[in-house]
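Chemist: How does the following fold in three dimensions:
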Amino acid sequence: MADKQPCIDERWVLGTDIESTIAAAGVKKKMLAYCKEMMCVENTFEAGAIGALHSHPHTQVTYVAEGEFEFTIGDEKKVVKKGDTMLKKDGIKHGCVCLKAGVLVDFFTPMREDFLSAD
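Modeler: From the prediction side, this is the model:
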């Protein structure tokens, strides 16, 4: 049963050991392995859930592991599906709407220190 959050520089982070937290309505976030230079986060979306339009001072690559999403990055909008990736440079506004329930895996550089204290 998931009962913990990973620690910085933890070599092995098993997904089944990590507790998900609520990121937004219909969105669960699971922090995975990370160090100061980068962080991996799994986001599970219910159909219709929204990843609000935002920006941050981190470069982010998102991999669509499951589902279908309409993403906005800057002034572009595209529908993405399993196997697709997106690059969001630091400071670029981005957000999504989940069209079919799915999972996004985000990689941030540097790590998102704000995620360490967020529930």
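
Chemist: Contacts for the host helix or strand of Lys28 next, please.
Modeler: Per DSSP states H and E, Lys28 falls inside strand 27-35. Here strand 27-35 makes contact (C-beta atoms under 8 Å, 6 or more residues apart in numbering) with 5-6, 8-11, 13, 15, 18-23, 39-46, 49-51, 111, 115-116. Just so you know, the C-beta spots here come from the backbone N, C-alpha and C atoms, and that holds for glycine as well.

Chemist: Which residue ranges of this protein form strands?
Modeler: 21-24, 27-35, 38-45, 50-54, 59-73, 76-81, 85-88, 94-109 (DSSP state E).

Chemist: Next, format the ones you listed as JSON lines and append mean neighbour count and mean pLDDT.
Modeler: JSON lines is the format used below for those (neighbours: other C-beta atoms under 10 Å; pLDDT from 0 to 100):
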{"stretch": "strand 21-24", "mean neighbour count": "14", "mean pLDDT": "96"}
{"stretch": "strand 27-35", "mean neighbour count": "18", "mean pLDDT": "97"}
{"stretch": "strand 38-45", "mean neighbour count": "20", "mean pLDDT": "98"}
{"stretch": "strand 50-54", "mean neighbour count": "13", "mean pLDDT": "98"}
{"stretch": "strand 59-73", "mean neighbour count": "18", "mean pLDDT": "98"}
{"stretch": "strand 76-81", "mean neighbour count": "12", "mean pLDDT": "98"}
{"stretch": "strand 85-88", "mean neighbour count": "15", "mean pLDDT": "98"}
{"stretch": "strand 94-109", "mean neighbour count": "19", "mean pLDDT": "98"}
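
Chemist: Fine by me, thanks again.
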